[in-house]
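**Student:** Provided below are the primary sequence and the corresponding predicted coordinates.
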Amino acid sequence: MANKTAKTKQKTLAADIVSSIETKLAEAGTAGKKVKKSIEKSAEKLAKKLTKLMQKAEKKATKPVKSVDKKVKKEATKAKKNAEKADKNAKRTAKKAAALATVSEAVESATTTTPAAAPKKPITAPKPPVPKAARPSRTTTASAPTPAEEAATENL
């Protein structure tokens, strides 16, 4: 109890307790010196305990104000961080939307322009059918080439 105001409160409380007990004893009869000393000692102990309890109650009364201030500060910092995250996410989505827009524009422009025509194979006229008489029979092995085979070897 280093605080002077706490000590003065304690002394006044102890004095009040002693005086009230002594008045009750005076009504009952005379009290000896030993009884008065024990009353004073117990009154001082009781006063110490009561002042401690009162100080705790005062601290608790002031503590919620501090905790409310801390909570407000924490919520403010949380709100600030959340706002920054929201801005960051908005920028990211805007970039993605812009990228998608450019990709879709590129796709649209590619589909609207006609692609270059691939060179087609020259269409050759169908070959006239070879008469059956000119065809070699399947049973005989002919060493002489057929007219179609001769034409094919000439093109190579």
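**Tutor:** Thanks, I have it. Fair warning: this is a prediction, and the values are worked out from it, not measured in the lab. Numbers count the residues shown, from 1 in each chain.
**Student:** residues near residue 18, how many?
**Tutor:** Neighbourhood size, residue 18 [other C-beta atoms under 10 Å]: 19. Quick note: C-beta positions are derived from backbone N, CA and C, even for glycine.
**Student:** Helix or strand: which one has it?
**Tutor:** Secondary structure from DSSP states H and E places residue 18 in helix 4-28.
**Student:** Output the contacting helices and strands for the longest helix anywhere in the chain.
**Tutor:** Ranked by residue count, the top helix of the chain under DSSP state H comes out as helix 33-112. For helix 33-112, the packing partners by 3 or more C-beta pairs under 8 Å, 6 or more residues apart in numbering; DSSP states H and E come out as helix 4-28.
**Student:** so residue 36 touches residue 19, yeah?
**Tutor:** No: using C-beta atoms under 8 Å, residue 36 is not in contact with residue 19, being 11.5 Å away.
**Student:** neighbour-wise, which of these two wins?
**Tutor:** residue 36 (14 against 11).
**Student:** quick one: contacts for that one?
**Tutor:** By C-beta atoms under 8 Å, 6 or more residues apart in numbering, the contact list for residue 36 reads residue 22.
**Student:** Now the helix holding residue 18: average pLDDT?
**Tutor:** The pLDDT scores in helix 4-28 average 83.
**Student:** name the helices or strands packed onto it?
**Tutor:** helix 33-112.
**Student:** State the mean pLDDT of the helix it packs on.
**Tutor:** Average pLDDT, helix 33-112: 84.
**Student:** Also compute the angle for that helix relative to helix 4-28, please.
**Tutor:** 140 degrees (axes from the mean of the first three to the mean of the last three C-alpha atoms, to 10 degrees).
**Student:** separation between residue 69 and residue 3?
**Tutor:** Distance check for residue 69 against residue 3: by C-beta to C-beta, to the nearest Å, it reads 24 Å.
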